[in-house]
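Colleague: Build the 3D model from these lines:
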Amino acid sequence: MRDYEILIAEDDESILHSIEIYLGNNDRYKTTGVSNGLDALEETKKKDYDLVIMDLMMPGMTGEDAIREIRRYSVVPILILSAKSEDLDKIMGLTLGADDYLTKPFNPMELLARVDAIIRRNHAYNSGEKDSEILIGDVKLLLDQRRVEVLGQSISLTPIEFQILALLMKHPGRVFSIEEIYEKIWKEPALDPKTVTVHIRRIREKIEVNPKHPRYIQVAWGLGYRFVNEKRSLENGKNQ
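Modeller: Numbering: from 1, shown residues only. Here you go, the predicted model:
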């Protein structure tokens with residue numbers, strides 16, 4: 001069993017130390033701590049981390065700016081840890097490209113549970129199906145490479161985004177409720193299903209020509225989301 005490297009970006013030394021102790025209780029978690037966003041950037045460029053825990057309000061470079069920059073070159077899972085607790089703050093954090101969001105003050109057991117879940121999902125993501133692909137319309141899902149192509153151009157998705165898209169594309173036309181998507185991807189009860197909506201929005205921005213009028217990921221009002229098999233939809237239209 002390999003060790004997992006976790007980067008913690010937190011300017012409050014007492015909180016940083018506490019997190020290192022909490023995670024240190026699991027012998028497989030190796031932590032590195034930094035106190036600002038700029039140092040977090042340098043660390044993620046030097047080493048392939050399995051998870052980044054990112055505070056938002058830090059001196060020098062904020063967590064928000066650091067996440068934006070990290071997402072230019074890395075899909076490393078990011079867990080935001082912040083005193084900003086409003087729903088809008090959470091949505092903004094996820095929109096930046098974070099995978100999960102935990103507010104301060106936090107329960108150490110919940111932090112450990114979130115970290116365990118993210119590590120477990122990412123491990124499954126990296127050791128999943130091999131030598132297979134799904135092509136629907138102009139969207140190609142390369143399962144073996146954990147990559148997506150649209151019109152032949154490679155599209156960068158985070159592990160969570162890839163898993164949501166894979167779920168929908170494996171079952172074209174099937175409607176998944178927001179709660180069902182959450183439970184299948186996060187492997188836990190749907191405690192915060194609106195998280196799914198934010199990730200769907202980001203996926204649309206990456207694969208749709210016009211995200212406001214999506215061709216592929218469509219809403220079934222009051223029910224959930226589905227990935228539309230465009231060819232099948234056109235055939236059905238001809239038969240009507």
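
Colleague: Pull the number of nearby residues for the nearest residue to Ser156 once chain neighbours are set aside.
Modeller: The shortest distance from Ser156 to any non-neighbouring residue, by Cβ to Cβ, 6 or more residues apart in numbering, is to Val75 (6.4 Å). The C-beta positions use only the backbone N, C-alpha and C, and glycine is treated the same way. The tally of other residues near Val75 (other Cβ atoms under 10 Å) stands at 19.

Colleague: wait, what's in contact with Val75?
Modeller: Going by Cβ atoms under 8 Å, 6 or more residues apart in numbering, Val75 touches 156-159.

Colleague: next one: the helix ranked longest in the chain to chain centre, how far?
Modeller: Counting residues, the longest helix found in the chain (DSSP state H) is helix 108-126. Taking Cα atoms, centre = their mean, to the nearest Å, one finds helix 108-126 lying 12 Å from the centre of the chain it belongs to.

Colleague: Flag every buried residue along that helix.
Modeller: Using 16 or more other Cβ atoms under 10 Å as the test for burial, helix 108-126 gives 111-112, 114-115, 117-119, 121-122, 125.

Colleague: Report the backbone C-alpha coordinates of it in CSV.
Modeller: Extracted in CSV, the C-alpha atoms of helix 108-126 (Å, rounded to 0.1, in the frame of the first residue of the first chain):
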residue,chain,number,x,y,z
PRO,A,108,-11.7,16.6,13.0
MET,A,109,-13.6,13.5,12.3
GLU,A,110,-15.4,15.1,9.4
LEU,A,111,-12.1,16.4,8.0
LEU,A,112,-10.7,12.9,8.1
ALA,A,113,-13.8,11.5,6.5
ARG,A,114,-13.6,14.1,3.6
VAL,A,115,-9.9,13.4,3.1
ASP,A,116,-10.4,9.6,3.1
ALA,A,117,-13.3,9.9,0.7
ILE,A,118,-11.4,12.1,-1.8
ILE,A,119,-8.3,9.9,-1.6
ARG,A,120,-10.4,6.8,-2.1
ARG,A,121,-12.3,8.3,-5.1
ASN,A,122,-9.1,9.4,-6.7
HIS,A,123,-7.4,6.1,-6.2
ALA,A,124,-10.4,4.3,-7.8
TYR,A,125,-10.3,6.9,-10.6
ASN,A,126,-6.6,6.3,-11.3
